[in-house]
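[1] pasting the sequence and the predicted coordinates here, then a few questions.
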Amino acid sequence: MNSKEIIDKLLNGEMKLYQVDKYVSPKEATDIRREFIEKTASCELPHMANYSLDMEKASARNIENPIGTIQLPVGVAGPLKINGDYCKREVYVPLATSEGALVASINRGASTITASGGVNAHVISDIMTRAPVIKTSSATDALKIKQWFIDNFQELKEIAESTTSHGKLLKIDPILIVGTYVYPRFVYFTGDSMGMNMVTIASEKILDKLAEETTGRHIALSGNVCVDKKPAAINMIEGRGKSIVADILIPEEIVNKKLKTTAEAIEEVNVAKNLIGSAAAGSMAYNAHYANMVAAIFLATGQDAAHAVEGSLGITTAENRNGDLYFSVNLPDVPVATVGGGTSLETAHEGLDILGVAGSNKAREFGEIVAATVLAGELSLVGALAAGHLARAHQELGRG
Ligand SMILES: CC(C)(COP(=O)([O-])OP(=O)([O-])OC[C@H]1O[C@@H](n2cnc3c(N)ncnc32)[C@H](O)[C@@H]1OP(=O)([O-])[O-])[C@@H](O)C(=O)NCCC(=O)NCCSC(=O)C[C@@](C)(O)CC(=O)[O-]
Ligand SMILES: NC(=O)C1=CN([C@@H]2O[C@H](COP(=O)(O)OP(=O)(O)OC[C@H]3O[C@@H](n4cnc5c(N)ncnc54)[C@H](OP(=O)(O)O)[C@@H]3O)[C@@H](O)[C@H]2O)C=CC1
């Protein structure tokens, strides 16, 4: 069948968009679907058509019904000096965004940090979670299922780990009970992958065993106690992905020169805005804009963009120490990968290459870089608010 015949079949409803791949190569299928959309939406898509990415590879594992790619500008911030447990060097950070002033802001934070000797960063927890929901007939039965998980942990660990050569089931904790429903939170180590496919496959095996040995009926493989891609207190407290803390002491003269303000003013803004303002609003993110830095790095390096929701959680602290500024960011929930998922898409791999963290044994180093970048952007924005420069900056850089 040639492309004209396929488009005719698509237009008259005889073929579905995802069936095009059966007749032509992934690249041709992409072109045909795009042409079909151009016809049905009466528009032209020359920019989505223009890409260098290997669509055959992408359509095998990253995308269904592809019609092309989108492009976002990528800027860099740096040099950013990091004194981490895994990352001990200066980096230039790739950032994909369309928000004018954001890269400038992170760059200013990086400049402030590097002039101050670097930012400290520590990964304090490294896990990925999946929590199914299981239905029982009574709270008493629910407690029995909870006990079954506790009593059989070693065997369940072996079952889960039989599905992966890198994943490890660390614990099942907490096991929540709500009436007749049981929510065991399976906590895994997933190596350098973000791990959601890995832990989902492993957890399903555990549920097969549950079905064989108990009367519990699993209703859904994800019962929302994981908590994946939603903001949640359990993730803030227990952690998810990498939990990371980064901090720095910035000398008074550098605060004055680079941020055009004082430690006292920054402390005041942080308390009034990030702590009290967030509490008054019922926000779960006691910070100014972690999501900005997390989303921009995630887009540049092939992370799952929806996880920016989780990366937005966390608390910023700022202290005036006799004119010097102590500043910290605390990120409990940053799911990152240097293998798997979208990390092998060509531009994503290049983004990881800029940071020197593509491939195995790099995920914690990457986590520290994310946290250091978050500190850079957070510091600059809180500094701009303290100096009264926010509107001016966006007037100049966001409306050029
Ligand atoms: C815009 C600045 C940086 C100007 O800051 P400045 O101090 O007036 O600029 P400067 O010309 O004196 O330069 C200082 C440093 O900024 C950097 N810099 C300066 N200009 C550029 C540029 N064009 N390109 C790249 N880097 C730039 C550069 O690092 C430079 O230092 P150097 O390296 O030369 O020693 C500052 O005013 C700023 O950071 N403002 C805050 C902007 C910001 O953080 N926006 C984030 C988005 S806001 C948002 O989305 C969330 C929000 C606000 O709604 C959340 C909430 O509710 O809080
Ligand atoms: N399934 C779901 O419910 C959800 C899926 N996702 C998607 O899941 C994807 C991410 O899942 P994820 O499991 O990370 O990725 P992949 O499904 O891409 O799997 C990555 C695999 O890489 C292998 N691997 C090779 N080297 C390493 C290493 N050094 N460390 C760890 N693993 C290694 C592992 O194989 P082995 O296991 O054999 O050791 C691992 O399973 C993303 O595309 C994301 O969008 C997101 C949210 C939910």
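    Arrived safely, thanks for sending. Ligands and ions are numbered 1, 2, ... in the order given.
[2] is ligand 1 contacted by stretch 377-396?
    Yes. On the criterion C-beta under 6 Å from any ligand atom, stretch 377-396 is in touch with ligand 1 at 380-381, 384, 389-390, 393. For glycine as for every other residue, the C-beta is placed from the backbone atoms N, C-alpha and C.
[3] could you export these as JSON lines, including neighbour count, pLDDT and secondary structure?
    Listed next are these as JSON lines, based on neighbours: other C-beta atoms under 10 Å; pLDDT from 0 to 100; DSSP: H, G, I helix; E, B strand; the rest coil:
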{"residue": "380", "neighbour count": "29", "pLDDT": "98", "secondary structure": "helix"}
{"residue": "381", "neighbour count": "27", "pLDDT": "97", "secondary structure": "helix"}
{"residue": "384", "neighbour count": "23", "pLDDT": "96", "secondary structure": "helix"}
{"residue": "389", "neighbour count": "17", "pLDDT": "86", "secondary structure": "coil"}
{"residue": "390", "neighbour count": "16", "pLDDT": "83", "secondary structure": "helix"}
{"residue": "393", "neighbour count": "19", "pLDDT": "77", "secondary structure": "helix"}
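[4] so which of those is the closest to residue 157?
    Nearest to residue 157 among the residues of stretch 377-396 next to ligand 1, counting by C-beta to C-beta, is residue 381 at 43.6 Å.
[5] what sits closest to that closest one if chain neighbours are left out?
    Among residues not flanking residue 381 along the chain, residue 288 sits closest, at 4.9 Å (C-beta to C-beta, 6 or more residues apart in numbering).
[6] check residue 278 too.
    Once flanking residues are discounted, residue 278 sits nearest to residue 286: 4.5 Å by C-beta to C-beta, 6+ apart.
[7] could you do residue 256 as well?
    Among residues not flanking residue 256 along the chain, residue 262 sits closest, at 6.7 Å (C-beta to C-beta, 6+ apart).
[8] mind listing what that neighbour touches?
    Residues in contact with residue 262, defined by C-beta atoms under 8 Å, 6 or more residues apart in numbering, are 252, 255-256, 320, 323, 386.
[9] tell me the confidence at it?
    Residue 262 carries a pLDDT value of 98.
[10] do residue 397 as well
    For residue 397, pLDDT reads 84.
[11] over to residue 394?
    Turning to residue 394, the model gives it a pLDDT of 78.
[12] which SS state does it fall under?
    The local conformation at residue 394, judged by DSSP: H, G, I helix; E, B strand; the rest coil, is helix.
[13] wait, isn't residue 264 in contact with residue 320?
    Yes. At 4.6 Å, residue 264 and residue 320 qualify as touching, with contact defined as C-beta atoms under 8 Å.
[14] tell me which residues in stretch 52-63 are buried?
    In terms of neighbour count (16 or more other C-beta atoms under 10 Å), stretch 52-63 has its buried residues at 53, 55, 58-59, 62-63.
[15] cool, and stretch 228-244?
    In terms of neighbour count (16+ other C-beta under 10 Å), stretch 228-244 has its buried residues at 228-229, 232, 234-236, 238-244.
[16] how about stretch 210-219?
    Buried residues in stretch 210-219 (16+ other C-beta under 10 Å): 210, 214, 216, 218.
[17] mind putting those residues in a markdown table, secondary structure and distance to ligand 1 included?
    Converted to a markdown table, the buried residues of stretch 210-219 look like this (DSSP: H, G, I helix; E, B strand; the rest coil; distance: C-beta to the nearest ligand atom, whole Å):
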| residue | secondary structure | distance to ligand 1 |
| --- | --- | --- |
| 210 | helix | 44 |
| 214 | coil | 48 |
| 216 | coil | 44 |
| 218 | strand | 40 |
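[18] and the residues you listed, which two are the farthest apart?
    Pairwise distances across these (C-beta to C-beta) peak at 10.0 Å, for the pair 214 and 218.
[19] for the helix or strand encompassing residue 209, name the packing helices and strands.
    Using DSSP states H and E, residue 209 sits in helix 196-213. In this structure, helix 196-213 makes packing contacts with strand 119-130, helix 139-151, helix 153-161, strand 181-189, strand 217-220, judged by 3 or more C-beta pairs under 8 Å, 6 or more residues apart in numbering; DSSP states H and E.
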